[in-house]
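[1] missing the sequence, but the structure's below:
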């Protein structure tokens with residue numbers, strides 16, 4: 001029975017797990033901070049030593065170009081051919097992390113998504129977005145075609161969204177993830193107050209007498225709603241929009257869902273409003289979504305891997 005090692009390298013943490021054969025289950029799941037890993041090859045060697053691992057799937061936060069990924073927010077590069085040949089895996093797959101998130105949809109059960117609003121499916125297009133350390137997103141067509149994006153590093157929406165934080169156009173904030181991520185919440189709060197706090201600390205202050213925390217989180221919520229509204233119309237996401245990440249799971253618990261939906265609809269024309277009314281918006285609750293996405297890709301797409309021939 002074949003054994004596969006699944007690794008997800010995010011902006012802050014690395015997660016890994018194993019699976020066997022055609023199983024949809026993960027085991028020996030673990031997480032480690034990237035700062036604790038001194039050398040990736042040595043770390044990978046420790047994960048496979050004595051484990052009889054046949055195949056490897058790695059998802060990484062960065063764009064995949066010619067079999068390689070260079071991380072967007074960290075000095076780290078990886079090449080699937082080099083890894084495969086160094087460790088003699090049967091197959092090696094390298095995915096963008098949001099490509100992996102897209103493939104995780106097929107693993108979702110009824111309890112794996114909490115809905116901000118329900119809808120009526122009218123095509124096979126889904127959109128995933130996740131404000132975390134940075135901002136990632138991907139378009140899923142059906143269950144087996146994922147188009148990852150670098151939307152977090154685009155600049156077209158930034159100026160408009162800065163108004164939600166009552167900031168005029170400012171060179172501190174250039175890209176979309178500068179105004180729509182955990183990093184953005186922390187940076188904008190510091191810009192406003194001179195005090196550096198984590199996004200988690202700021203979100204925890206929401207609803208308190210910290211007026212600036214309230215302003216920043218409200219600005220984030222409105223910016224997210226307006227952004228996914230634009231994405232919904234750009235890609236006609238008849239199968240829904242899914243927001244992933246621990247930051248959004250925390251904000252979902254405290255935000256005004258009706259106000260979010262109001263921002264999502266905005267002042268669109270009637271024909272476009274009717275499209276938005278049909279689109280469901282969900283918060284991904286499933287743990288280790290990237291690892292499950294890696295596994296789904298592996299089970300369904302072995303023939304596309306880099307193979308040792």
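    Received it, and whenever you're ready, just let me know what you need. From a predicted model like this one, the values you see are computed outputs, not experimental measurements.
[2] my guess is residue 21 meets residue 55, correct?
    No: using C-beta atoms under 8 Å, residue 21 is not in contact with residue 55; the gap is 11.0 Å. The way it works is simple: take the backbone N, C-alpha and C, and place the C-beta from them, glycine included.
[3] ok, those two, which is more surrounded?
    Legend: neighbour count by other C-beta atoms under 10 Å for residue 21 and residue 55, higher for residue 55 (20 against 9).
[4] so what's that one up against?
    By C-beta atoms under 8 Å, 6 or more residues apart in numbering, the contact set of residue 55 is 2, 3, 4, 5, 89, 90, 91, 92, 93, 298, 302, 305.
[5] could you rerun that using 10 Å?
    2-6, 19, 84, 89-93, 298, 302, 305, 307 (C-beta atoms under 10 Å, 6 or more residues apart in numbering).
[6] one more: residue 218?
    Contacts of residue 218 by C-beta under 10 Å, 6+ apart are 164, 165, 206, 255, 256, 259.
[7] in what helix or strand does it lie?
    helix 211-235 (DSSP states H and E).
[8] got the buried residues for that helix?
    213, 215-229, 231-232, 235 (16 or more other C-beta atoms under 10 Å).
[9] which residue, other than its chain neighbours, is closest to residue 220?
    Spatial nearest neighbour of residue 220, excluding adjacent residues (C-beta to C-beta, 6 or more residues apart in numbering): residue 185 at 5.7 Å.
[10] my reading is that the one you found lies in a helix. Confirm?
    Yes: under DSSP: H, G, I helix; E, B strand; the rest coil, residue 185 sits within a helix.
[11] contacts for the strand or helix carrying residue 251, please.
    Taking DSSP H and E as the criterion, residue 251 maps to helix 246-254. By C-beta under 10 Å, 6+ apart, the list of residues contacting helix 246-254 from outside reads 114-116, 129-133, 181-182, 185, 199-200, 203-204, 206-207, 217, 220-221, 224, 242-243, 245, 255, 260, 282-285, 287.
[12] of the residues you listed, grab the buried ones for PyMOL.
    Here is the PyMOL command that selects only those of these that count as buried (16+ other C-beta under 10 Å):
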select buried, resi 116+129+130+131+132+133+181+182+185+199+203+204+206+217+220+221+224+242+243+245+255+260+282+283+284
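[13] narrow the contacts of helix 246-254 to those in helices?
    Among those, the members falling in helices (DSSP state H) are 182, 185, 199, 200, 203, 204, 217, 220, 221, 224, 260.
[14] show the pLDDT at the nearest residue to the fifth one once chain neighbours are set aside.
    For residue 203, the nearest residue in space outside its immediate sequence neighbours is residue 250; the separation is 5.4 Å by C-beta to C-beta, 6+ apart. Residue 250 is assigned 95 on the pLDDT scale.
[15] ok, residue 24 next?
    At residue 24, the pLDDT value in this model is 86.
[16] give me phi/psi at it?
    With angles defined as degrees, to the nearest 10, residue 24 sits at phi -100, psi 10.
[17] count the neighbours of it for me.
    There are 11 residues near residue 24, going by other C-beta under 10 Å.
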